[in-house]
Every structure is written in structure tokens, then in C-alpha cells.
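Undergrad: Provided below for reference: sequence and predicted model.
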Amino acid sequence: MSVGQGGAGGPICPAATGSCTSLAHARGGPHGSLSLQLALSLPVSLVFLATNVGLLTLAMATAEGRPAWRTWRERLGWFSPHYLVFGPLAVLVAAVYRAEGLLSLLALALPALLLSGGLRRSRTATLLARADAR
């Protein structure tokens with residue numbers, strides 16, 4: 001079973017996306033105030049996390065015959081904080097795009113891309129150094 005698919009082979013993501021879309025429309029959609037969108041982005045992120053990661057955890061735990069809590073902790077728990085941060089970040093990125101346009105998104109994305117590449121190179125160097133030490 002691949003990540004993002006349920007036990008029957010169907011995607012899990014539409015369930016999570018649908019639940020979050022409903023909450024987003026309840027908060028005024030893209031035309032609501034920025035402070036309201038930011039305030040409600042955390043609960044929307046929690047719903048997405050619970051739906052998406054929860055269903056994926058259950059599918060994996062059931063397929064492997066393991067407790068769901070242990071499966072989540074060992075395989076999926078590390079990125080749960082990312083889900084909580086990405087909701088408010090998405091609201092801010094959308095607000096910047098609406099106010100300033102595409103060029104501002106590139107200016108926001110460039111530091112993240114540089115950091116990501118640097119972290120990847122650092123991790124690779126660390127793994128190679130560990131392998132050489134053995």
C-alpha cells in the first residue's frame with residue numbers, strides 16, 4: 001500500500017480535503033478577514049491532520065496488525081507539527097499573493113527552497129560520514 005491510498009486502493013486525501021473545504025467556507029472563504037482566516041486555520045489544520053493522517057495510520061496499522069498509536073508514532077508522527085504550521089502559512093501565502101502577485105510568492109519560496117536544499121545536502125553528508133566511520 002502506498003502513502004495516500006486507503007486499504008481498498010482509493011485515495012484518502014479527498015476525505016481530508018472535503019472536510020477542510022467545508023470548514024474553510026464556514027469561515028468566509030478567501031474573502032474573510034485575514035485575522036479570522038489565521039485564527040481558524042489551526043482548527044482546519046487539525047481536521048486535515050486528523051482525517052488524513054488518522055485514516056492513513058489506521059490503514060497502515062490494520063494492514064500490519066499493529067496498534068495505531070505505535071504506527072503513528074513511528075512512521076507519521078514526525079510530520080504532524082508540519083500540518084499544524086502549514087495551515088496558517090497557506091493563509092499568509094494566499095494573502096501575500098492576492099496583495100502582491102506572483103513575484104512575491106517567488107520571493108517567499110526562494111529561502112525555503114534554499115534551506116531545503118541545504119538541509120538535504122547536510123543530511124546526505126552526515127549519512128556518508130556515518131557510513132565511513134563504520
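TA: Noted; the coordinates are in hand. The structure displayed is predicted, hence computed values, not measured ones. Numbering: from 1, shown residues only.

Undergrad: report the central residue of this structure.
TA: A centroid search over the chain (C-alpha atoms, centre = their mean) returns residue 83, at 3.8 Å, as the residue closest to the centre.

Undergrad: what is the neighbour count of residue 101?
TA: When counting by other C-beta atoms under 10 Å, one arrives at 10 neighbours for residue 101. From N, CA and C alone the C-beta is placed, and that goes for glycine too.

Undergrad: burial count for the closest residue to the residue nearest to the centre of the chain other than its chain neighbours?
TA: What sits nearest to residue 83 in space, not counting adjacent residues and going by C-beta to C-beta, 6 or more residues apart in numbering, is residue 49, at 4.1 Å. Using other C-beta under 10 Å, residue 49 has 21 other residues around it.

Undergrad: so residue 49 is in contact with residue 80, correct?
TA: Yes: the pair residue 49 / residue 80 is scored as a contact, 6.0 Å apart, by C-beta atoms under 8 Å.

Undergrad: follow-up on the earlier one: using the three-state scheme, assign the residue nearest to the centre of the chain.
TA: Secondary structure for residue 83, judged by DSSP: H, G, I helix; E, B strand; the rest coil, is helix.

Undergrad: my guess is it contacts residue 47. True?
TA: No: Residue 83 is beyond contact range of residue 47, at 10.1 Å (criterion: C-beta under 8 Å).

Undergrad: thinking again about what came up before, how close does the residue nearest to residue 83 get to residue 73?
TA: As judged by C-beta to C-beta, to the nearest Å, residue 49 and residue 73 stand 14 Å apart.

Undergrad: check contacts around the residue nearest to the centre of the chain.
TA: Residue 83 makes contacts with 45, 48, 49, 52, 53, as judged by C-beta atoms under 8 Å, 6 or more residues apart in numbering.

Undergrad: in helices, which of these fall?
TA: Mapping the contacts of residue 83 onto helices (DSSP state H) picks out 45, 48.

Undergrad: just put the contacts of residue 83 in TSV and tack on pLDDT and distance to residue 104.
TA: Formatted as TSV, the contacts of residue 83 follow (pLDDT from 0 to 100; distance: C-beta to C-beta, whole Å):
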residue	pLDDT	distance to residue 104
45	87	23
48	85	25
49	87	28
52	86	29
53	88	31
